[in-house]
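Q: Please find the sequence and the predicted model below.
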Amino acid sequence: MNSFNVALLQIDTQGDKAANLKKIGRFIDEAVKRGANFVTMPEMCTYIGDEKGAKENAENIPGPTTEFMASKAREHGIWIHGGSIYQSIHGENRMRNTTVVYSPKGEVAAVYDKIHLYDVDVKDGVTYRESDTIKPGGNIVSFDTEYCRMGLAICYDIRFPEIYRILTLRGSKVIFNPAEFALYTGKDHWESLIRARAIENQCYMICPNQIGIKPTMHTYGRSMVVDPWGNTIAKASDRECVIMAEIDIDYVDKLRNEVPCLTNRRPESYVWE
């Protein structure tokens, strides 16, 4: 059977980067003891604080955090999906929100910059512009492993199904979606959106989320894994923790054969002006 065990780190990232990395290291070690072949963590896993602190803690890639993650991947011989971190951009005041994936040899296997940024201005309501501090990416990214091809997305991307369909058409059978999803929207939308992306693309969705109260929001938690039938096969409780799930790639192939939604597509009819 072509399968692997994935561990999701649900953590409460705050403004002490060194403490956050130390905690991530402990949780990676715990996940490996529990049989993980692949470890993943939430968006902004190394630092969440004010804007000034975010810029001070942004890094080049490669940099200290990538070196730390790569060393843990080599130490345990596992894949590590590093959630996301603030990446510095030379000559630019803004940063990137960037995912880096590390192979069991500690090599960088993929780098993805978050494409969709949350900009909102509601009359007599909330105003927030993620694009004031984050520069959007422009590339849809997948990578190959010994198990299958996998795809990358981050948080708000989940509301834009085009990314997930393109990743699927390019061969991805597993898609990672780390997040810092707010409690207000999370309670109604988080699981529904993840299940929708899994069902329509007949893929596994692996979605680690932040937990806890941050400077600007209360995050939802409920990190989860959804299988290609749309079943939630692992879900975190409302605390920092490590959850595990078995990812069965043969099951993806079986469902795509039995319910051939992808092969029954008619792209010649999907034209608009």
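A: Sure, I can see it.
Q: Leu193 contacts Asp157, doesn't it?
A: No. Taking contact to mean CB atoms under 8 Å, the distance of 10.2 Å between Leu193 and Asp157 leaves them out of contact. For the C-beta atoms, the positions are set from N, CA and C on the backbone; glycine is no exception.
Q: Would you point out which residue is most central in the protein?
A: In the chain, the residue lying closest to the centroid (CA atoms, centre = their mean) is Pro178, at 2.4 Å.
Q: Identify the residues contacting it.
A: For Pro178, the contact set (CB atoms under 8 Å, 6 or more residues apart in numbering) comprises 40-43, 45, 81, 83-84, 99, 154-155, 207-209.
Q: Now intersect those with the strands, please.
A: Thr40, His81, Thr99, Cys207 (DSSP state E).
Q: For the residue nearest to the first one when sequence neighbours are not counted, list each beta-bridge partner.
A: Counting by CB to CB, 6 or more residues apart in numbering, the nearest residue to Thr40 once its immediate chain neighbours are dropped is His81, at 3.9 Å. Legend: beta-bridge partners of His81 under DSSP bridges are Thr40, Val101.
Q: Could you look up the SS state of Leu193?
A: In three-state terms, and counting by DSSP: H, G, I helix; E, B strand; the rest coil, Leu193 is helix.
Q: just the one 3 residues further on next, same as before
A: Using three-state DSSP as the criterion, the local structure at Ala196 reads helix.
Q: my guess is Ala245 meets Val6, correct?
A: Yes. Under the criterion of CB under 8 Å, Ala245 makes contact with Val6 at 5.6 Å.
Q: quick one, which of those two is more surrounded?
A: Val6 (25 against 22; other CB atoms under 10 Å).
Q: Please identify which helix or strand holds the more buried one.
A: If you go by DSSP states H and E, Val6 is part of strand 3-10.
Q: buried stuff in that strand?
A: Phe4, Asn5, Val6, Ala7, Leu8, Leu9, Gln10 (16 or more other CB atoms under 10 Å).
Q: cool, and stretch 55-65?
A: Residues of stretch 55-65 classed as buried under the neighbour-count rule (16+ other CB under 10 Å) are Asn57, Ala58, Glu59, Thr65.
Q: Report how many residues lie close to the closest residue to Ile115 other than its chain neighbours.
A: Counting by CB to CB, 6+ apart, Gly137 is the residue found nearest to Ile115 once chain neighbours are left out, at 5.0 Å. Applying other CB under 10 Å, we find 22 residues neighbouring Gly137.
Q: cool, and Lys52?
A: As a burial measure, the neighbour count of Lys52 was computed by other CB under 10 Å and equals 8.
Q: now swap in Glu200 and tell me
A: Other residues within reach of Glu200 by the criterion other CB under 10 Å amount to 15.
Q: Check the secondary structure at it for me.
A: helix.
Q: Just give the closest residue to it, not the sequence neighbours.
A: On the basis of CB to CB, 6+ apart, the spatially nearest residue to Glu200 that is not a chain neighbour turns out to be Pro161, at 6.8 Å.
Q: What separation do you get for Glu268 and Asn20?
A: For Glu268, the distance to Asn20 under the criterion CB to CB, to the nearest Å works out to 49 Å.
Q: Could you check which of those two has the larger neighbour count?
A: For Glu268 against Asn20, the residue with the higher neighbour count under other CB under 10 Å is Asn20, and the figures read 21 against 6.
Q: residue contacts, the more buried one?
A: So Asn20 contacts Ile11, Thr13, Gln14, Cys45, Thr46, Tyr47 (CB under 8 Å, 6+ apart).
Q: Show the low-confidence segments of the chain, by residue range.
A: Across the chain, no stretch falls below the confidence threshold (pLDDT under 70).
Q: So which residues of it form helices?
A: 17-33, 51-57, 64-76, 161-169, 183-185, 191-201, 249-258 (DSSP state H).
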